[in-house]
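Trainee: Take this sequence and fold it.
(one chain, ligands or ions: 1)
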Amino acid sequence: MSVEFLTYKKLMEEVENNKQLLGMKCKSCEAVTFPPKAVCSNCCSREYEFIQLSGKGTVKTFTVIRVPPEGFEGEYVVGLVEMHEGPNIMVNIKTDRFPDMSIIGKRGSIGYVTLPSDKYSGGRRVSFLFFLDD
Ligand SMILES: [Zn+2]
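Mentor: Have a look, this model is predicted:
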């Protein structure tokens with residue numbers, strides 16, 4: 001992929017169409033930024049390359065959203081996940097049981113779900129979701 005600004009929409013198209021989770025690796029400090037931005041999140045360099053991320057990560061912390069915003073249903077879990085390559089991302093966490101402190105430190109993988117349109121999205125949405133390993 002050529003070095004160009006990767007919009008969030010393009011990022012999600014890569015995820016959905018090509019099963020590629022792209023991050024950007026800085027050519028100056030080698031930090032990995034995800035999702036890709038216009039500059040390195042560590043040193044603000046504009047010299048970077050796109051890399052394929054493993055999608056693996058570890059839950060650092062989480063919260064439970066008990067009163068969902070309009071357009072969302074039920075309770076859901078949002079966590080801060082440290083990706084294997086270094087960046088931290090906020091992502092919904094898939095869990096079948098009510099979460100407790102034991103999910104902090106658990107490993108898993110980032111996948112995605114396709115959601116129907118709502119009054120804010122203007123079309124079908126693709127959203128990241130973190131699946132715990134066990
Ligand atoms: Zn950098």
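
Trainee: Residue 62 reaches residue 99, doesn't it?
Mentor: Yes. Here residue 62 reaches residue 99: they are 6.2 Å apart, a contact under Cβ atoms under 8 Å. The C-beta positions use only the backbone N, C-alpha and C, and glycine is treated the same way.

Trainee: Just want to know which of the two has more residues nearby.
Mentor: residue 62 (22 against 18; other Cβ atoms under 10 Å).

Trainee: Regarding the more buried one, which helix or strand does it belong to?
Mentor: Assigned by DSSP states H and E, residue 62 belongs to strand 56-65.

Trainee: tell me which element the residue lying closest to residue 45 once chain neighbours are set aside falls in.
Mentor: Nearest non-adjacent residue to residue 45, counting by Cβ to Cβ, 6 or more residues apart in numbering: residue 28, 4.1 Å away. Residue 28 is part of no helix or strand, with elements assigned from DSSP H and E.

Trainee: any idea how far residue 28 is from residue 42?
Mentor: Using Cβ to Cβ, to the nearest Å, residue 28 is found at 9 Å from residue 42.

Trainee: Over to residue 117?
Mentor: 36 Å.

Trainee: again, but for residue 49
Mentor: In terms of Cβ to Cβ, residue 49 sits 15 Å off from residue 42.

Trainee: For stretch 59-74, list the C-alpha coordinates in PDB.
Mentor: Below are the C-alpha coordinates for stretch 59-74, written out as PDB (Å, rounded to 0.1, in the frame of the first residue of the first chain):
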ATOM      1  CA  VAL A  59      -6.800  -6.100  28.300                       C
ATOM      2  CA  LYS A  60      -5.400  -3.400  30.500                       C
ATOM      3  CA  THR A  61      -8.600  -2.100  32.000                       C
ATOM      4  CA  PHE A  62     -12.400  -2.000  31.200                       C
ATOM      5  CA  THR A  63     -15.700  -0.500  32.100                       C
ATOM      6  CA  VAL A  64     -19.300  -1.700  31.700                       C
ATOM      7  CA  ILE A  65     -21.700   0.600  29.900                       C
ATOM      8  CA  ARG A  66     -25.000   0.000  31.700                       C
ATOM      9  CA  VAL A  67     -27.100   2.800  30.100                       C
ATOM     10  CA  PRO A  68     -26.300   2.600  26.400                       C
ATOM     11  CA  PRO A  69     -26.500   5.600  24.100                       C
ATOM     12  CA  GLU A  70     -29.300   5.900  21.600                       C
ATOM     13  CA  GLY A  71     -28.800   3.300  18.800                       C
ATOM     14  CA  PHE A  72     -27.100   0.800  21.100                       C
ATOM     15  CA  GLU A  73     -28.800  -2.000  23.000                       C
ATOM     16  CA  GLY A  74     -28.200  -3.600  26.400                       C
END
